[in-house]
Every structure is written in C-alpha cells, then in structure tokens.
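>>> sequence first, predicted model second:
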Amino acid sequence: MGWSKDQPIGNPYGENQLKLPPSMDVKRRPKNLGLGAKLTQKEAAMLIEKKLNKYKQQTQSDRKRIAEIESFTENKNVMDQPASKKRKLNTDVEAAENKNKTQQRIRWIRTGLKVRCIKQGRYFREKGVVDDVIDLYRFTLRMDKDARLLTLNETEVETVIPKTSQFVTVLSGPHKGQIACVLAKHKQQQCATVRLQDNSFTVTQCDFDHICAI
C-alpha cells in the first residue's frame, strides 16, 4: 500500500486530497515580552548580550536564537528593506521635521476669529473666519467670499480690526481671552481704544496685533 510523510494513512482520495498541513516553526518570545509587544534595537542588543557569552564562539542554535530576538524588534521591517527604501524613509522623516521647524507654532489663532488672508494667490487680502485648529501649526479658514475652506498657518493671516461699536477678542497681555468693544481706532498709532465686557468695564488701549474681530 505504501506510505508517504505528506499523505495521511488510509487516505482514499488520492494525492491531491486531505494533505497534511505544512509544519510551522514556533518562535519563542523573549522572557517577559507580552503578546504583540516589540523590542527596541537597544533592548534587543542588551538581551542578546545578556543571553550569550561574547567570548564564546556562537553555535547554530545561538545564531537562530539571535535571529528570533531580532525578529521581535520594532524596526525589523525597516531594517529588512533595501538601502534605497531606507534612504527614502529617512528623507521623508527629515522633510517633515524641517517643515515643522520652518512653520511658526500657533500663538494667537483660535476658533471664531475673523482674520485676513495675506497668502499670495486667489484669496490674497480676503477675509474669513477660523473654522478649526488642526494642530500646533495649522488651522482651517472658511472664506467669506465663497465659503471655501483653506488650510493655513499663522504667518499667512493677519488680524482684522472691526468698526467702532463692534466686538473683538484680546489676544495677549493681562486681558488675554476677554471680549471687548471697540470705542475708537487710531490708525497712525496702530492701536484702538476698547472697553472690556466684564464687570469692571475697563477702558484700555491695545495694539492692532493684540486684538481681533469675532
């Protein structure tokens, strides 16, 4: 009748039916490493140094164990890629970091402010309302002209100073965050006289850069 290691005993269905599944090598996870956890390159190197004697010649079993430990490192996929792909990944990361460095972090932009776009293009000098702050560098601006949403950074807009008797938000100084009413605008001095809308109704002067229409 014959016997084959790839065919169950007593298989009446021929060679192409009921074949045994291929064997699988089980990899031991490093001690105290939870399911799904990954080792850093430094942790893997320390574990290998701890497990193996560097003064002793490595056996085939040792090399297999080293490969198993390295397979659990978080950067294994990156390390296995060709040099050209690794260079591209590094370039992309550096480009993102440089972009963040060149962009100015948001200091005064907040949702609901009315600002003027000063970015060269179709919407240069057009006004809009800050719709949402995306992250530390970018926000979306809904334009008054056609309700289109633009993604900008803080250096691409400027404050809008409304007419007298209209309201603004104080952006900096001791009254930061408070609502005020514009009493007078002094264009030559680039400042405005405003009255705070709190219980004190304090009247003060603020630079145009320190207040913005709402």
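Happy to help now that I have it. Numbers count the residues shown, from 1 in each chain.
>>> now the strands for this protein?
Taking DSSP state E as the criterion, the chain contains strands spanning 114-117, 127-133, 138-143, 149-153, 157-159, 167-170, 179-186, 191-196, 203-207, 211-213.
>>> okay, the fourth one in CSV with CA atoms only?
Pointing back at strand 149-153 there. Output of strand 149-153 as CSV, limited to C-alpha atoms (Å, rounded to 0.1, in the frame of the first residue of the first chain):
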residue,chain,number,x,y,z
LEU,A,149,-12.0,76.1,3.5
LEU,A,150,-8.3,76.9,3.3
THR,A,151,-5.6,75.2,5.4
LEU,A,152,-3.1,77.9,6.5
ASN,A,153,-0.5,78.6,9.2
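>>> neighbouring strands for that strand, and are they parallel or not?
strand 138-143 (antiparallel) (DSSP bridges).
>>> pLDDT weak spots in the chain?
1-37, 53-56, 72, 74-102 (pLDDT under 70).
>>> just the strands of the chain: most buried one?
Comparing the strands of the chain by mean neighbour count (mean count of other CB atoms under 10 Å), strand 211-213 ranks first with a mean of 24. C-beta coordinates here come from the backbone N, C-alpha and C atoms, glycine included.
>>> other SSEs contacting that strand?
strand 114-117, strand 157-159, strand 167-170 (3 or more CB pairs under 8 Å, 6 or more residues apart in numbering; DSSP states H and E).
>>> make it 7 Å
Where contact means 3 or more CB pairs under 7 Å, 6 or more residues apart in numbering; DSSP states H and E, strand 211-213 is packed against strand 114-117, strand 167-170.
>>> and residue 65, what does it touch?
residue 51 (CB atoms under 7 Å, 6 or more residues apart in numbering).
>>> shift numbering so it begins at 41
Got it, the first residue is 41 from now on, which makes the last one we talked about residue 105.
>>> quick one: it from residue 97, how far?
Remark: distance between residue 105 and residue 97 (CB to CB, to the nearest Å) = 14 Å.
>>> can you check residue 225 too?
84 Å.
>>> just residue 246 next, same as before
Taken as CB to CB, the span from residue 246 to residue 97 is 77 Å.
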